[in-house]
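Q: next one to model:
(chains A and B)
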Number of protein chains: 2
Amino acid sequence: MSEVRYNVISGDWVVIATERAKRPEDFTHVKQKEELPAFNPACPFCPGCEDKTPPETFRLADAEGRWTVRSIPNKFSAFSPEGDVVKYKVGSRQFISGVGLHEVIVETPQHNMTTALLPRDHVEQILQMYKNRLIAFYEDPRVEHVIIFKNHGEGAGTSLEHPHSQIVGTPVFPGQVMGRLEEAIRNYYYVNFGECVYCLCLSNELSDKVRIVGENKSFVAFIPYAALSPFHLWIFPRRHVSCFGSITDEEISDLAAILKEMLLRLYIGLDNPDYNYMVRSLSPKEANSKYFHWYIALVPRVSQAAGFELGTGMFINTALPEASAQFLRDVKI
Amino acid sequence: MSEVRYNVISGDWVVIATERAKRPEDFTHVKQKEELPAFNPACPFCPGCEDKTPPETFRLADAEGRWTVRSIPNKFSAFSPEGDVVKYKVGSRQFISGVGLHEVIVETPQHNMTTALLPRDHVEQILQMYKNRLIAFYEDPRVEHVIIFKNHGEGAGTSLEHPHSQIVGTPVFPGQVMGRLEEAIRNYYYVNFGECVYCLCLSNELSDKVRIVGENKSFVAFIPYAALSPFHLWIFPRRHVSCFGSITDEEISDLAAILKEMLLRLYIGLDNPDYNYMVRSLSPKEANSKYFHWYIALVPRVSQAAGFELGTGMFINTALPEASAQFLRDVKI
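A: Coordinates of the predicted model:
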């Protein structure tokens, strides 16, 4: 019989199909992969093509002064960086003008690189860039929420091969994030006697051990008890803090190590799957909130939502979290 | 500048990319379509193959006694129909045993048919079957919620070609449905002075006119003001009632007409796109709820969720609801 597990962070029930679960190996699919060049003169993110993008907003460079990571306004931005927030509300029709910030973070000069294979100190630079842009975005008073994410591969919604992440500052607080915040507050005040539900979840995962994939001084990576989809990974900081912008240099170094390790385990174990990752965080002003805890969600796109998922928000996960964690731990890296 | 529109039913903000919106025609993609036979002896849903499926739970038949629509337990059910509900809760780990009901509704004996092309009276039979199974499912005391849905095409998550829908009775009340119910209650009691937000939305859509695609005596089909994705359609009953099981024969006839019409407009206008539809309803016991209103959501799968959507629940809709509605109205059927 399947188990319907409750995800205490998202507030969703997940059907863990224990009996008809696939083996972890069944999620590997060797894609027809095109060999990419290290440099592509037609790519706007390759070195020497900097004039094809809007002027950069920040850069990190090597000892010779060549950029290693750069951020640029998104040429096809979902939001306009100019203008005031206009609000409109008549009956059921409500809108806010699409004022906001949207940047692309070019993660490396090398066109055919992937984060899993980058040196750790380079991944640290990408994370330093995330921190810099998150803090800068929240300084704009029109921005209500900031999301950092990466789309890797066509199945994860990217059209550009050159490794990049994105950061968006929205003029509204997203409903889904609000839902999780309400869930966290309810858990903190009413369910857990004043304990953060993320801290509780982390502590339970550490004592259960079976779903942990990796850990270091500052971070723990695990497939949560009620993972919404196969190989869905969470990377939680051990230190309770609500805003990613509060991360220290030492923590950035530890995060780079564990993020790279998880991506490498997926790269080898599932043969370079398409994936998204998202940094879920509140603003620097809310960094000291007692009930929210920032984290990274890493979602390999190896399954698909259909009518059941669209109509209920419940997911049917055909991979056992415990077996998937074991599989990823056993990957030789 | 884009407009960030608020979806009063789902509680989500949607970025309507007014400036970089695609033309409706750009969502048409001619797929390589295999010619299917009217009968496939290897298909478990074709007539004569009834012994390949578990015994049927209900059937509708023609004057000669041949089945036209039949329901059968799903051989690969997400839930087990036998057993008691067992609950477990220790710290952040909570589960309920996967007891529940899951049936497949075979919509027609003809292997290569599609709902858009079925005669209206046949679509009525499918809807009569939905009503019968929904009411029967809710009679099982272990069932907390019932969802009826259809997955059409690979991009919508189906693996079987033979036209079919599914109905699932879950032992839990889904978090997403709970979220919408809370939103509806909040709107009813605090925002709209005792008016159902679905009724308000319908009334506003009817006065705006521009997003209406079709209507008849009992139903209105429209692309909502804050449609979450391109060509996302809602079919609302004019009569306020919370449970689909309360539908009358006359309303079933009107629903068959408008559902078939919408599917046909998509079939012709977007060249047979993959789609899901879901019947969103409360239970017969809650049929008289003042704040919830059952409806059908019809979602062509012509766009893809990426990191922004996963991390915020917000969608970027690159089709203008008003232009999409105009496009569908203009399709010659």
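Q: and stretch A:260-276, how far out from the chain's middle?
A: Its chain's C-alpha centre and that of stretch A:260-276 lie 14 Å apart, by C-alpha atoms, centre = their mean, to the nearest Å.
Q: A:Thr158 contacts A:His152, correct?
A: Yes - A:Thr158 is in contact with A:His152 according to C-beta atoms under 8 Å; the separation is 6.6 Å. For every residue, glycine as well, the C-beta is placed using N, CA and C.
Q: out of the two, which sits in the busier spot?
A: A:His152 (26 against 19; other C-beta atoms under 10 Å in any protein chain shown).
Q: how about that one, phi and psi?
A: Main-chain dihedrals, A:His152, degrees, to the nearest 10: phi -110, psi 110.
Q: any idea how far it is from A:Glu251?
A: A:His152 sits 23 Å away from A:Glu251, going by C-beta to C-beta, to the nearest Å.
Q: what do you get for A:Met129?
A: For A:Met129, the distance to A:Glu251 - C-beta to C-beta - is 15 Å.
Q: who's more crowded, those two?
A: A:Met129 (24 against 20).
Q: what does the model give the more buried one for pLDDT?
A: In this model, A:Met129 is scored at 98, pLDDT.
Q: ok but it is inside a helix, no?
A: Yes - checked against DSSP: H, G, I helix; E, B strand; the rest coil, A:Met129 lies within a helix.
Q: so A:Cys201: helix, strand or coil?
A: helix.
Q: can you give me the buried ones in stretch A:53-71?
A: Neighbour-count burial for stretch A:53-71 flags A:Thr53, A:Thr57, A:Phe58, A:Arg59, A:Leu60, A:Trp67, A:Thr68, A:Val69, A:Arg70, A:Ser71 (criterion: 16 or more other C-beta atoms under 10 Å in any protein chain shown).
Q: what's the mean pLDDT across it?
A: Throughout stretch A:53-71, pLDDT has a mean value of 96.
Q: stretch A:235-251 too?
A: 98.
Q: pull up the distance across it, start to finish.
A: Across stretch A:235-251, the terminal residues are separated by 12 Å (C-alpha to C-alpha, to the nearest Å).
Q: what residue lies at the spatial centre of chain A?
A: A:Met278 (1.7 Å; C-alpha atoms, centre = their mean).
Q: ok so, going back, could you dump the buried residues of stretch A:53-71 into JSON lines and include distance to B:Glu261?
A: Formatted as JSON lines, the buried residues of stretch A:53-71 follow (distance: C-beta to C-beta, whole Å):
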{"residue": "A:Thr53", "distance to B:Glu261": "46"}
{"residue": "A:Thr57", "distance to B:Glu261": "50"}
{"residue": "A:Phe58", "distance to B:Glu261": "53"}
{"residue": "A:Arg59", "distance to B:Glu261": "55"}
{"residue": "A:Leu60", "distance to B:Glu261": "57"}
{"residue": "A:Trp67", "distance to B:Glu261": "56"}
{"residue": "A:Thr68", "distance to B:Glu261": "57"}
{"residue": "A:Val69", "distance to B:Glu261": "53"}
{"residue": "A:Arg70", "distance to B:Glu261": "52"}
{"residue": "A:Ser71", "distance to B:Glu261": "49"}
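Q: in strands, which of these fall?
A: A:Phe58, A:Arg59, A:Leu60, A:Trp67, A:Thr68, A:Val69, A:Arg70, A:Ser71 (DSSP state E).
Q: A:Ser203 versus A:Lys290, what's the distance?
A: A:Lys290 is 16 Å from A:Ser203, by C-beta to C-beta.
Q: ok so, going back, surely the residue nearest to the centre of chain A is in a helix?
A: No - secondary structure of A:Met278 (three-state DSSP): strand, not part of a helix.
Q: okay, it: pLDDT?
A: Confidence for A:Met278, expressed as pLDDT, is 98.
Q: next one: the helix or strand harbouring A:Gln125 to chain centre, how far?
A: Using DSSP states H and E, A:Gln125 falls within helix A:120-138. Remark: helix A:120-138 is offset 13 Å from the chain centroid, using C-alpha atoms, centre = their mean.
Q: check whether stretch A:18-34 contacts chain B.
A: Yes - Stretch A:18-34 lies within reach of chain B by C-beta under 8 Å from any C-beta of the partner chain, at A:Thr18, A:Arg20.
Q: give the buried residues for that stretch.
A: A:Ala21, A:Lys22, A:Pro24, A:Phe27.
Q: out of those residues, flag the one nearest to A:Val90.
A: Nearest to A:Val90 out of the buried residues of stretch A:18-34 is A:Phe27 (C-beta to C-beta; 48.0 Å).
Q: so the residue nearest to that closest one when sequence neighbours are not counted, which of the three states?
A: Nearest residue to A:Phe27, sequence neighbours excluded (C-beta to C-beta, 6 or more residues apart in numbering or on different chains): A:Val302, at 4.5 Å. Under three-state DSSP, the three-state class of A:Val302 is coil.
Q: ok, A:Val302 - contacts?
A: Listed by C-beta atoms under 8 Å, 6 or more residues apart in numbering or on different chains, the contact set of A:Val302 reads A:Phe27, A:His29, A:Ser229, A:Pro230, A:Phe231, A:Leu270, A:Pro273.
Q: among those, which are in strands?
A: Per DSSP E, the subset of these in strands is empty.
Q: residue ranges of the helices in chain A, please?
A: A:120-138, A:175-186, A:197-208, A:249-269, A:307-312, A:321-330 (DSSP state H).
Q: okay, those helices, which one's buried deepest?
A: Stretch with highest mean neighbour count among those: helix A:307-312 (a mean of 24; mean count of other C-beta atoms under 10 Å in any protein chain shown).
Q: is any residue of it near chain B?
A: Yes - Helix A:307-312 is in contact with chain B by C-beta under 8 Å from any C-beta, via A:Gly307, A:Phe308, A:Leu310, A:Gly311, A:Thr312.
Q: next one: stretch A:174-194 to chain centre, how far?
A: For stretch A:174-194, the distance to the chain centre is 20 Å (C-alpha atoms, centre = their mean).
Q: does it come close to chain B?
A: Yes - counting by C-beta under 8 Å from any C-beta, chain B has neighbours in stretch A:174-194: A:Pro174, A:Gly175, A:Gln176, A:Val177, A:Met178, A:Gly179.
Q: you'd agree the last one is up against B:Glu182?
A: So that's A:Gly179. No - counting by C-beta under 8 Å, A:Gly179 stays clear of B:Glu182, with 9.4 Å between them.
Q: what does the stretch 151-300 of chain A put close to chain B?
A: A:151, A:156-158, A:166, A:168, A:170-172, A:174-179, A:197, A:200-201, A:203-205, A:208, A:225-226, A:276-280, A:297, A:299.
Q: contact partners for A:Gly48?
A: Applying C-beta under 8 Å, 6+ apart, the residues near A:Gly48 are A:Pro41.
Q: got a list of what A:Arg265 touches?
A: A:Val213, A:Gly214, A:Leu328, A:Val331, A:Ile333.
Q: separate out the buried members of the residues you listed.
A: A:Val213, A:Gly214, A:Leu328, A:Val331.
Q: about what we covered before: need the buried residues of stretch A:18-34 in CSV (columns: pLDDT).
A: CSV is the format used below for these (pLDDT from 0 to 100):
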residue, pLDDT
A:Ala21, 75
A:Lys22, 81
A:Pro24, 84
A:Phe27, 85
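Q: low pLDDT regions in chain A?
A: Counting by pLDDT under 70, chain A shows low-confidence ranges at A:29-33.
Q: hmm, try it at 80
A: Chain A contains residues with pLDDT under 80 at A:18-21, A:29-34.
Q: quick one: end-to-end distance for stretch A:277-291.
A: 22 Å.
Q: what does stretch A:281-296 give?
A: OK, stretch A:281-296 end separation, C-alpha to C-alpha: 9 Å.
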